[in-house]
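Visitor: Just need the structure, nothing else, for what follows:
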Amino acid sequence: MEFKTVIESRESVRKYSNQKPNEEQVKYILEAGRMAPTAFNKQPQRIYILKSEEALQKMDSVHPCRYGAPMVILVCADKDAASNFKKKNCFLDLGYRSDDFKSLLGNKKRNSLDSMINTL
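Guide: Coordinates of the predicted model:
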């Protein structure tokens, strides 16, 4: 399937049946996520499957947009790991070293460069 077709056919679901997905379906979803790229294969995410009523209620207290789904796949990442990774590696795809980029911008202050990188 073409990427554009995937994007055009996406849906925003706000109503779910109370039927939980079976183990094979969950494994399929997790495998698809496992195959997704994670920037140099760093895999900074943690995946939690919330099935118990207690876990789902805790989820609802934090983020009330579950819309009655009988199970939640919660994907979390270390925000600091992503930030540090961005600062260290965002210029690699451009072929620049950070000093080259600072010079190109006429920006000699490291703090200013950090501020600019954080807005990318």
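
Visitor: helix, strand or coil for Ile29?
Guide: Secondary structure, DSSP: H, G, I helix; E, B strand; the rest coil: Ile29 is helix.

Visitor: pretty sure it is touching Met71, no?
Guide: No: between Ile29 and Met71 there is no contact under C-beta atoms under 8 Å: 10.2 Å. Glycine gets a C-beta too; all of them are placed from N, C-alpha and C.

Visitor: can you list residues touching both of the two?
Guide: Pro21 (C-beta atoms under 8 Å, 6 or more residues apart in numbering).

Visitor: out of these two, which sits in the busier spot?
Guide: Met71 (17 against 13; other C-beta atoms under 10 Å).

Visitor: For that one, give me its contacts.
Guide: Listed by C-beta under 8 Å, 6+ apart, the contact set of Met71 reads 20-21, 26, 49-51, 56.

Visitor: And the furthest pair within those residues?
Guide: Val26 and Leu56 (15.1 Å; C-beta to C-beta).

Visitor: still on that earlier bit, out of the contacts of Met71, which end up buried?
Guide: Those of the contacts of Met71 that meet the buried threshold are 50, 56, by 16 or more other C-beta atoms under 10 Å.

Visitor: Tabulate the contacts of Met71 (JSON lines), appending secondary structure.
Guide: Shown next, in JSON lines, are the contacts of Met71 (three-state DSSP):
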{"residue": "Lys20", "secondary structure": "coil"}
{"residue": "Pro21", "secondary structure": "coil"}
{"residue": "Val26", "secondary structure": "helix"}
{"residue": "Ile49", "secondary structure": "strand"}
{"residue": "Leu50", "secondary structure": "strand"}
{"residue": "Lys51", "secondary structure": "coil"}
{"residue": "Leu56", "secondary structure": "helix"}
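
Visitor: Nearest to Arg66, out of the contacts of Met71: which one, please.
Guide: So of the contacts of Met71, ranked by how close each gets to Arg66 (C-beta to C-beta), first place is Leu56, at 6.8 Å.
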